[in-house]
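>>> Fold the following for me, if possible:
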Amino acid sequence: MNSEDFNREFIAAKDSAYRYAITLLHDRHAAEDAVQDLYEKLWRRRILIRATGFRPLVMTSMRNMCLDRLRSQRRGGMRLDIAAADKRTSVAEYDAVENVELHTLVRRLVEALPQREREVMHLRDMEGMDIEQIAGITGSTEQSVRMALSRARCRVREGLLNIMNHGL
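This next block holds a predicted model:
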C-alpha cells in the first residue's frame, strides 16, 4: 500500500476509530491520543497492509490499543472517572431540554452496560458495522455478538422504561 492509498483509507476510518476509542476510554483526549498512536503504528507498517479489510484492521487495532491503555491505568492505580469524562465528552447541544435529558439518560444507561455489551452496541448501532465484522473485531462468534447486542438493547430499553414510568 503506498502512502496516498494509506492516507485515503485511514481518513475514511479515522472518525469511526475515534468514536470507538471514546466509547472504550470515556475520555476525549485519551481517544485522540490513541487514534494518533494507531496512525503512527500503522504508518510504520503500511507496506505490509492490504487495502482490503482496512477498516476492520483499524477497528481491531483501536480496540486492542484502548484495552491495553485501560489495563495499564488499572495497574497504575488510576481509576476512570465516568462523571468527569462525561463532562469532557460534551455532545452537540440540543434545542429542547427534553432531548438533552433523554440523550444523557441513554448515554448513562449504555455506559452502565458491561464492557462487552457496550462495545458491541457501539459498533453495531453507532458505526453501522455488520455482525460478521463485529465478531472479527471482538474475536467472538456471530451468535455471541447477536446475543450481547440483544441483551444490551434490552437493558437500555428496560432502564429507560423504569426511569420514564417510575421517575427513578
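
>>> quick one: pLDDT of the most centrally placed residue in the chain?
Taking Cα atoms, centre = their mean, the centroid of the chain lies closest to Tyr20, which sits 2.5 Å from it. The pLDDT attached to Tyr20 in the predicted structure is 87.

>>> contacting residues around it?
59, 62-63, 66, 122-123, 127 (Cβ atoms under 8 Å, 6 or more residues apart in numbering). In this view, the C-beta of every residue, glycine as well, is placed from N, C-alpha and C.

>>> same thing but 10 Å
13, 31, 34-35, 58-59, 62-63, 66, 119, 122-123, 126-127, 129, 137 (Cβ atoms under 10 Å, 6 or more residues apart in numbering).

>>> How about Met147?
Contacts for Met147 (Cβ under 10 Å, 6+ apart) come out as 117, 120, 140-141.

>>> next one: His122
By Cβ under 10 Å, 6+ apart, the residues touching His122 are 16, 19-20, 22-24, 110, 113, 129, 134, 152.

>>> Widest-spaced pair of these?
Ser16 and Leu113 (19.7 Å; Cβ to Cβ).

>>> and the closest residue in space to Asp37 that isn't next to it in sequence, what helix or strand is that in?
Of all residues not flanking Asp37 in the chain, Met65 sits nearest, at 6.5 Å (Cβ to Cβ, 6 or more residues apart in numbering). Assessed by DSSP states H and E, Met65 sits inside helix 54-75.

>>> Repeat that for Met147.
helix 142-166.

>>> try Arg108
Counting by DSSP H and E, Arg108 is part of helix 97-111.

>>> Restricting to C-alpha, output that helix in PDB.
Provided in PDB are the C-alpha atoms of helix 97-111 (Å, rounded to 0.1, in the frame of the first residue of the first chain):
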ATOM      1  CA  VAL A  97     -34.100  20.400  27.200                       C
ATOM      2  CA  GLU A  98     -36.100  17.100  27.000                       C
ATOM      3  CA  ASN A  99     -33.800  15.900  24.200                       C
ATOM      4  CA  VAL A 100     -30.700  16.700  26.200                       C
ATOM      5  CA  GLU A 101     -32.100  14.900  29.200                       C
ATOM      6  CA  LEU A 102     -33.100  11.800  27.200                       C
ATOM      7  CA  HIS A 103     -29.700  11.700  25.500                       C
ATOM      8  CA  THR A 104     -28.000  11.900  28.900                       C
ATOM      9  CA  LEU A 105     -30.100   9.100  30.300                       C
ATOM     10  CA  VAL A 106     -29.500   6.800  27.300                       C
ATOM     11  CA  ARG A 107     -25.700   7.500  27.500                       C
ATOM     12  CA  ARG A 108     -25.600   6.700  31.200                       C
ATOM     13  CA  LEU A 109     -27.500   3.500  30.600                       C
ATOM     14  CA  VAL A 110     -25.200   2.500  27.900                       C
ATOM     15  CA  GLU A 111     -22.100   3.400  30.000                       C
END
